[in-house]
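I need the structure of the sequence given here:
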Amino acid sequence: MKIVKVDIWSDFVCPWCWIAKRRFDQAVEQLAGQIQVEVSSRAYRIARGMAPMDFASALRMKFGSESGARQMMAAVTAHGAREGLAYNFGTMRFGDTADAHALVKSLPTQASRQRLIEALSKASITDGKDIFNRDELRAIAAQAGLSDAEWADLDFERVREVEHDEMQANAIANGVPLFVFNDKLYLSGAQPTETFVAALTQAGASSPEPVAAAADGAACGPDACQI
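Take a look at the predicted model:
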């Protein structure tokens with residue numbers, strides 16, 4: 001079976017990242033038995049250095065208008081619903097997610113990291129949990145299977161690792177979600193599932209051609225999120 005290694009950069013307060021992850025997972029499922037996908041999770045903060053605040057206010061600041069923020073939230077909500085994801089912008093918060101990324105990086109396996117990424121995304125986006133609070137992070141991690149002993153051994157001082165991930169991503173694209181296949185091909189944004197299928201298939205064939213003539217999908221960067 002062909003093996004494709006995929007590095008994925010995302011952030012827990014990036015509205016498009018959870019949608020992109022779900023579409024990517026669907027593509028992986030469609031190709032099961034043909035391609036073995038090995039995922040490495042990378043960190044990226046779209047609100048680096050920003051104190052936590054309510055999400056709607058953050059969007060108004062980034063877009064400069066109430067109408068732009070509402071348009072963004074409506075677009076994300078609609079796309080999320082089509083993937084079975086519930087976006088509750090009224091309870092979502094926005095800010096520097098260094099602690100959440102450090103928590104993920106502290107886990108020993110990619111499988112455990114993927115479970116926690118899913119749990120953190122749901123907690124932040126659907127359940128309105130405060131992922132900027134370490135007590136809340138501990139509860140979310142426990143629900144994802146992290147023991148008290150594992151929590152006690154966690155190292156939250158991983159800023160340099162997070163910054164290294166961000167530097168690598170910024171050399172490729174201007175925001176997240178970002179997917180790099182076999183260190184050669186990349187897709188930026190919340191692309192359709194079929195685009196992820198094509199990228200995985202092409203990477204599996206070791207094609208030297210770049211992936212997608214497709215335009216970048218909706219993404220989030222330090223300055224704004226696209227609609």
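
Where do the helices of the chain begin and end?
Per DSSP state H, the chain carries helices over the ranges 15-30, 55-63, 66-82, 98-106, 110-125, 134-143, 148-152, 159-170, 193-204.

Now that we have those, can you turn them into JSON lines and tack on distance to Ala47?
The C-beta positions use only the backbone N, C-alpha and C, and glycine is treated the same way. Converted to JSON lines, these look like this (distance: least, C-beta to C-beta, whole Å):
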{"stretch": "helix 15-30", "distance to Ala47": "12"}
{"stretch": "helix 55-63", "distance to Ala47": "7"}
{"stretch": "helix 66-82", "distance to Ala47": "15"}
{"stretch": "helix 98-106", "distance to Ala47": "10"}
{"stretch": "helix 110-125", "distance to Ala47": "12"}
{"stretch": "helix 134-143", "distance to Ala47": "17"}
{"stretch": "helix 148-152", "distance to Ala47": "25"}
{"stretch": "helix 159-170", "distance to Ala47": "12"}
{"stretch": "helix 193-204", "distance to Ala47": "26"}
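
CSV please, covering these and showing mean pLDDT and distance to Leu185.
What follows is the helices of the chain, written out as CSV (pLDDT from 0 to 100; distance: least, C-beta to C-beta, whole Å):
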stretch, mean pLDDT, distance to Leu185
helix 15-30, 97, 14
helix 55-63, 87, 30
helix 66-82, 93, 24
helix 98-106, 94, 24
helix 110-125, 94, 20
helix 134-143, 94, 33
helix 148-152, 87, 35
helix 159-170, 95, 15
helix 193-204, 96, 5
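
between those helices, which gets nearest to Phe181?
Phe181 lies closest to helix 193-204 among the helices of the chain, at 3.8 Å (C-beta to C-beta).

Now stretch 57-65: buried residues?
Under the neighbour-count criterion of 16 or more other C-beta atoms under 10 Å, stretch 57-65 has Ala58, Leu59, Arg60, Lys62, Phe63 buried.

repeat for stretch 170-182
Ala173, Gly175, Val176, Pro177, Leu178, Phe179, Val180, Phe181, Asn182.

start to end distance for it?
End-to-end distance of stretch 170-182 (C-alpha to C-alpha, to the nearest Å): 18 Å.

ok, residues contacting that stretch?
4-11, 14, 16-17, 20-21, 24, 42, 44, 46, 169, 186-190, 196, 199-200, 202-203, 206, 211, 216, 219-222 (C-beta atoms under 8 Å, 6 or more residues apart in numbering).

Quick one, which of these are buried?
Those of those that meet the buried threshold are 4, 6-11, 14, 16-17, 20-21, 24, 42, 44, 46, 169, 186-190, 196, 199-200, 202-203, 211, 216, 219-222, by 16+ other C-beta under 10 Å.

Is Cys225 in contact with Ile19, as I believe?
No - applying C-beta atoms under 8 Å, one finds Cys225 not in contact with Ile19, separated by 11.7 Å.

Tell me which of these two has more neighbours.
More crowded of Cys225 and Ile19, by other C-beta atoms under 10 Å: Ile19, with 26 against 23.

quick one: contacts for that one?
Contact partners of Ile19, counting by C-beta under 8 Å, 6+ apart, are Val76, His79, Gly80, Glu83, Leu85, Ala190.
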